[in-house]
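Asks: any chance you could fold what I've pasted below:
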Amino acid sequence: MTLKGLIPGQQKPTHPSTHHWQFGTVENGIKKVDPLLHYGCFTLGFDRADIVQHVCDAVKGVKPEIAESIIHGEDLKLNHVSYELSNKLFEMSNGYRSFFALSGSDANEGAVKLSSAYHHIKKNKNKNKVVSFYRSYHGSTFLNSNLGDLLMDNPLYTMNRYDGVIRLSRDFDMNSVDWNQVMSIMVETCSYGDDMTPNSDEFWQKLKHIQQKFDVLIIIDDIFMGGGKTGDYFGWKHLPILPDICTMGKAITGGYFPLSITMYNEKIHNILPNNFDWDHGYTYNFSLAGINSALKYMNILEKENVLNKHQTIQNIAAEIIQSTGFEILNRFGCLYMIRKGNYKNLYIVPLNATDEYFTVLKQNLNSYENN
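Replies: Here you go, the predicted model:
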């Protein structure tokens, strides 16, 4: 096949109709699990037609949101489901407000802009730096590729790096940075790029001290860990720190429609004026499908009692991984970084894993004996 219209590299065509089962693919009649559940998005598997049907029914005949809001003097107009999701998130998070976007990159860039606006309003004009950490990934836009160095060996090509970012190691010396120039710190809930090694309690205590003493906003990038993978919809709830801003994406809709969220606390909300000039986005109408998908996904988690089974799922997965001779290097929620010989990979166990899933998982892991 001659490929036209694609950037050369890793992109390859898939089969016209890929054979699959609920948690992976079927190759030569043999079931295989998708270890990453498509980059951590499909935490309930690939056959939830009820989510797709709900979204299709919900958006039929609904006018897209706020296209007229760009006209001077017009108020923003949001469909009721946007308020429904933001209210639900507010209650679940104990008071974080939210705005919606389409990608994790967009959410993270919005988080940085919001931290800048916070200090601008407070007249902290010297606070214009963002701190991030090596072996992180925060997205693929220009700003985010400067914040994270993972997966992008040379993302800027002929462009100079943005000098507003300070990247540190995770055992950083607090005295090495002038925190009076820093507006925010962005850090992942747990960096999957660093072999899923959880940050130490000492690390989080440093951030808490900086947050409280220097009015530096803590941004938790929860995009890869949120959506239920830790037993809670918010992955950061398991950390010894409360973020000022957090971002979410991927699994928050069950994976079926794109949506990302930036959430911020009461401290920031109380600083923002009623006439806050928020210059970020303008693609709000396209998030309607994702918003409906997130609400349906939350409903499924509640009705099917999914998160209450989380500990049992974790225990069974750990037992199978170790019984097949694999070493669990690190674990965070239902994410396992495992190794056997030269093979190392991240496995994300579905929240609704069945007996069949665990049978196939064991068969797949045992097959590496012959490799």
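
Asks: quick one: N146 from D163, how far?
Replies: Applying C-beta to C-beta, to the nearest Å, the value for N146 to D163 is 9 Å. Every residue, glycine included, has its C-beta placed from N, CA and C.

Asks: neighbour count for the two, which is higher?
Replies: N146 (22 against 8; other C-beta atoms under 10 Å).

Asks: isn't that one up against N160?
Replies: No: N146 lies out of contact with N160 (C-beta atoms under 8 Å); the separation is 9.9 Å.

Asks: check the secondary structure at N352 for me.
Replies: Classification of N352 by DSSP: H, G, I helix; E, B strand; the rest coil places it in coil.

Asks: which residues does stretch 51-61 contact?
Replies: Here stretch 51-61 makes contact (C-beta atoms under 8 Å, 6 or more residues apart in numbering) with V81, T253, G254, Y256, F257, L288, A289, N292, S293, K296, Y297, I300.

Asks: how far off centre is that stretch?
Replies: How far stretch 51-61 lies from its chain's middle: 24 Å, per C-alpha atoms, centre = their mean, to the nearest Å.

Asks: buried residues in that stretch, which are they?
Replies: By 16 or more other C-beta atoms under 10 Å, the buried positions in stretch 51-61 come out as I51, H54, V55, A58, V59.

Asks: look at the first one and give its secondary structure.
Replies: In this case it means I51. helix.

Asks: any idea how far stretch 22-36 is from the chain center?
Replies: Going by C-alpha atoms, centre = their mean, where stretch 22-36 is centred and where its chain is centred differ by 24 Å.

Asks: report the buried residues of that stretch.
Replies: Those buried within stretch 22-36 under the rule 16+ other C-beta under 10 Å are Q22, F23, G24, K31, K32, V33, D34, P35.

Asks: what about that stretch, average pLDDT?
Replies: Per-region confidence: stretch 22-36 scores 93 on mean pLDDT.

Asks: same deal with stretch 42-59?
Replies: 96.

Asks: average model confidence for the longest helix seen in the chain?
Replies: Counting residues, the longest helix in the chain under DSSP state H turns out to be helix 104-121. The average pLDDT for helix 104-121 rounds to 96.

Asks: may I see the buried residues of it?
Replies: Quick answer for helix 104-121 (16+ other C-beta under 10 Å): 104-112, 114-119.

Asks: restricting to C-alpha, output it in PDB.
Replies: Taking Å, rounded to 0.1, in the frame of the first residue of the first chain, the C-alpha atoms of helix 104-121 are listed here in PDB:
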ATOM      1  CA  GLY A 104      -4.200  17.200  28.200                       C
ATOM      2  CA  SER A 105      -1.800  19.600  26.500                       C
ATOM      3  CA  ASP A 106      -4.500  22.200  26.400                       C
ATOM      4  CA  ALA A 107      -5.500  21.600  30.100                       C
ATOM      5  CA  ASN A 108      -1.800  21.900  31.200                       C
ATOM      6  CA  GLU A 109      -1.200  25.100  29.200                       C
ATOM      7  CA  GLY A 110      -4.400  26.500  30.700                       C
ATOM      8  CA  ALA A 111      -3.200  25.700  34.200                       C
ATOM      9  CA  VAL A 112       0.100  27.600  33.600                       C
ATOM     10  CA  LYS A 113      -1.800  30.600  32.200                       C
ATOM     11  CA  LEU A 114      -4.200  30.500  35.200                       C
ATOM     12  CA  SER A 115      -1.200  30.600  37.600                       C
ATOM     13  CA  SER A 116       0.200  33.500  35.700                       C
ATOM     14  CA  ALA A 117      -3.100  35.400  35.900                       C
ATOM     15  CA  TYR A 118      -3.300  34.700  39.700                       C
ATOM     16  CA  HIS A 119       0.000  36.400  40.300                       C
ATOM     17  CA  HIS A 120      -0.700  39.200  37.800                       C
ATOM     18  CA  ILE A 121      -3.800  40.100  39.700                       C
END
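
Asks: and that helix, how far out from the chain's middle?
Replies: Worked out by C-alpha atoms, centre = their mean, helix 104-121 lies 16 Å from the chain centre.

Asks: what helices or strands is it leaning on?
Replies: strand 97-101, helix 142-147, strand 182-188, strand 217-221, strand 245-248, strand 260-264, helix 266-271 (3 or more C-beta pairs under 8 Å, 6 or more residues apart in numbering; DSSP states H and E).
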